[in-house]
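**Student:** model this:
(one chain, ligands or ions: 3)
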Amino acid sequence: MAKKKVQKRSAKGFADVLIGLQYGDEGKARIVDMLAKDYDVIARFNGGANAGHTIETKDGGKVALQQVPSGIFYPKKILYIGSGCVVNVEKLAIEIEKLENIKGVKVDLTNRLRISCQASVIQPHHLLIDAETGKTIGTTKNGIGPCYADKALRMDGERLLNIKLGDLLDDPQEYFKKIKANYLAVCGKYGIDHAHADNIIATMESFFNRIKEYIEPDTLFLEKKVQKGAKILFEGAQSIMLDITKGSVPYVTSSNTVTAAAYVGGDLSPNYHRKTIGVAKAIMSRVGYGPFASEFGGERSEKYCMATEGGKSKHPQPVEAKYDIEKLLKSGDYFDIGVALRVLSHEYGTVTARPRRVGILDLVQLAYAIRMNGVDELMINKCDMLNVFARTKRGVLPIVNGYTLDGREIDYVPGTVKAYYSVKAKVEYKKCFDSDVSGVRKFGKLPKELQGLLREIESFCGCKIAGVGVGPEREQFVKV
Ligand code: GDP
Ligand code: IMO
Ligand code: MG
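**Tutor:** Residues are numbered from 1 along each chain as shown. Ligands and ions are numbered 1, 2, ... in the order given. The predicted model follows:
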């Protein structure tokens, strides 16, 4: 056999990793959409349909992506779903069809979308288990936790639990039989009627047939591209605070979301890492249960936002939208200000439509996320929303820049929820600007109060701000 030359790190190819720095929904997708033109491949490395990544299109339309990477509007870019993701074949087939039918934009994913054959499949029993057990966390009910749990368990006696897309390609008959066995076992455990098992499996198989052309058997797919000089942008789903190890456990998702995870779930060697881009937003949000030190209205807001009736949110957008927003803003109660901010800044779940809990920008949490992940460049979205504070009774802009725990100052996010729920956030009030910044495109043209705040964030977090979102559209952005 001819001797192969030892492969060296390519001089030109590299990878950058983009991650969410707060509790998800920081506006990662709009940044990916903006940066994608400078890359060859946009790749997901974690999560699945629990992600809701919004891009506002030129004609005012909105696209909410769940599993397809956010580079869709650039026809020549490869979109890759890595082995660290968990794939819902039915939702993916429907998502692809929707994308290929967006009015006025030609999106063709043939030969562009590649999915690792090692990505685990969300099986029908994962959805059943999540529906039964996910309520106390407030999951998105996409079967994410049960699927990753099965991946870790591997087998239950003779029963194979972790089934990968490649398995279904190798031998559909055998592996769909295994999926059915898993389904029946879980129905038995929870006393669920399994009369429709055959239908459910047949439906899954028909959706699988629609996506199987996208499965990539070459486990060196990305590596070979980078060797030839390709530039990869890894698109993180969820966020640092939702990481299964580093986040506010157990109120987290079930994958690793940190920078380093891109080089496990994204099927590329860490040798190629160039930089990490972190995305935050100026008014924070969280959906689901769990500690949130700077939440407007604290525990009351957590309970209110998570309240459901007949499986649906008790406080959906159409109801809250009818409230007297100016009156809420003038209230002395932070809870009311939070409701107003949620309505004004459209903070309702992309995947679940739940009201998102909203909070003051927390610099202690942000600095922690940046240090933990070696963030090189910081993007801050939703700066256009900060002028809303000028309409409050005090007319000042609140920022959290200190934590105390049991009377002691700390400069980190506690590692247990008990401690995190006990943290007292120190709020500082800044002078607020009242102008509309959504039309501003140059840093020097931003109000001086906002410029000052951004400089303060840089120095508090020890990280350069590379860009500022001043509206949801691609052009509504200030590069710094
Ligand atoms: P992702 O999951 O991190 O991609 O974020 P989502 O798409 O779930 O939520 C972010 C929401 O904020 C979307 O509706 C975006 O259109 C919107 N958004 C992003 N950046 C900005 C911004 O700078 N200003 C405003 N007003 N909205 C923004
Ligand atoms: P993007 O990528 C915000 C939250 C859920 C729940 C917890 C566990 O759009 O930022 P899961 O279904 O993953 O088992 O739910 O994590 N969560 C998110 N919150 N943005 C997301 O994704 C999220 N994905 C999961 O609300 O609290
Ligand atoms: Mg989202």
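**Student:** Which residue ranges of the stretch 101-250 of the chain form helices?
**Tutor:** 124-133, 144-153, 165-170, 172-190, 197-211, 221-227 (DSSP state H, counting those that start in this stretch).
**Student:** Just put those helices in a markdown table and tack on mean neighbour count.
**Tutor:** C-beta here means a position set from N, CA and C on the backbone, and glycine is covered the same way. Below are the helices of the stretch 101-250 of the chain laid out as a markdown table (neighbours: other C-beta atoms under 10 Å):
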| stretch | mean neighbour count |
| --- | --- |
| helix 124-133 | 20 |
| helix 144-153 | 20 |
| helix 165-170 | 20 |
| helix 172-190 | 16 |
| helix 197-211 | 16 |
| helix 221-227 | 20 |
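**Student:** To Leu79, which of the ones you listed lies closest?
**Tutor:** Among those, the nearest to Leu79 by C-beta to C-beta is helix 221-227 (11.9 Å).
**Student:** any idea how far the lowest-mean-pLDDT helix or strand in the chain is from the chain center?
**Tutor:** The weakest-scoring helix or strand in the chain, judged by mean pLDDT, DSSP states H and E, is strand 308-309 (a mean of 88). Strand 308-309 has its C-alpha centroid displaced from the chain centroid by 24 Å (C-alpha atoms, centre = their mean, to the nearest Å).
**Student:** So for Val319, which of the helices of the stretch 101-250 of the chain sits nearest?
**Tutor:** Here helix 124-133 is closest among the helices of the stretch 101-250 of the chain (C-beta to C-beta), at 24.8 Å.
**Student:** Contacts for that closest one next, please.
**Tutor:** 139, 141-147, 150, 179, 182-183, 185-187, 190, 192, 200-201, 204 (C-beta atoms under 8 Å, 6 or more residues apart in numbering).
**Student:** Show me what residue of this structure gets nearest to ligand 2.
**Tutor:** Gly288 (1.8 Å; C-beta to the nearest ligand atom).
**Student:** Run a quick neighbour tally on that residue.
**Tutor:** Using other C-beta atoms under 10 Å, Gly288 has 25 neighbouring residues.
**Student:** next one: Glu97
**Tutor:** Residues lying near Glu97 (other C-beta under 10 Å) number 11.
**Student:** What angle do helix 124-133 and the one helix or strand it maps to make with each other?
**Tutor:** For Glu97, the host element (DSSP states H and E) is helix 89-99. Put simply, helix 89-99 runs at 100 degrees to helix 124-133, going by axes from the mean of the first three to the mean of the last three C-alpha atoms, to 10 degrees.
**Student:** on that earlier part again, hmm, the least confident helix or strand of the chain touching ligand 2?
**Tutor:** No. If you take C-beta under 6 Å from any ligand atom as the test, strand 308-309 misses ligand 2, and the best it gets is 13.1 Å.
**Student:** So which elements touch the helix or strand that comes right after that strand?
**Tutor:** Following strand 308-309 in sequence order, the next helix or strand is strand 312-313 (DSSP H and E). For strand 312-313, there is no helix or strand it packs on, judged by 3 or more C-beta pairs under 8 Å, 6 or more residues apart in numbering; DSSP states H and E.
**Student:** immediately after strand 312-313, which helix or strand?
**Tutor:** helix 317-320.
**Student:** Name the residues that touch that next one?
**Tutor:** Val339, Arg342, Val343, His346, Tyr348, Ala353, Pro355.
**Student:** tell me the mean pLDDT over it?
**Tutor:** Computed over helix 317-320, the mean pLDDT rounds to 93.
**Student:** can you give me how far it is from the chain middle?
**Tutor:** Its chain's C-alpha centre and that of helix 317-320 lie 24 Å apart, by C-alpha atoms, centre = their mean.
**Student:** surely the residue of the chain closest to ligand 2 meets Ser248?
**Tutor:** No. Counting by C-beta atoms under 8 Å, Ser248 is not a contact partner of Gly288; they are 10.0 Å apart.
**Student:** Taking the stretch 51-200 of the chain, what residue is nearest to ligand 1?
**Tutor:** As assessed by C-beta to the nearest ligand atom, ligand 1 sits closest to Thr54 within the stretch 51-200 of the chain, at 3.1 Å.
**Student:** helix/strand/coil for that residue?
**Tutor:** strand (DSSP: H, G, I helix; E, B strand; the rest coil).
**Student:** got the contact list for His315?
**Tutor:** Tyr304, Cys305, Ala307, Pro355.
**Student:** Quick check: ChimeraX command selecting the buried ones in the residues you listed.
**Tutor:** Here is the ChimeraX command that selects only those of the contacts of His315 that count as buried (16 or more other C-beta atoms under 10 Å):
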select :304,305,355
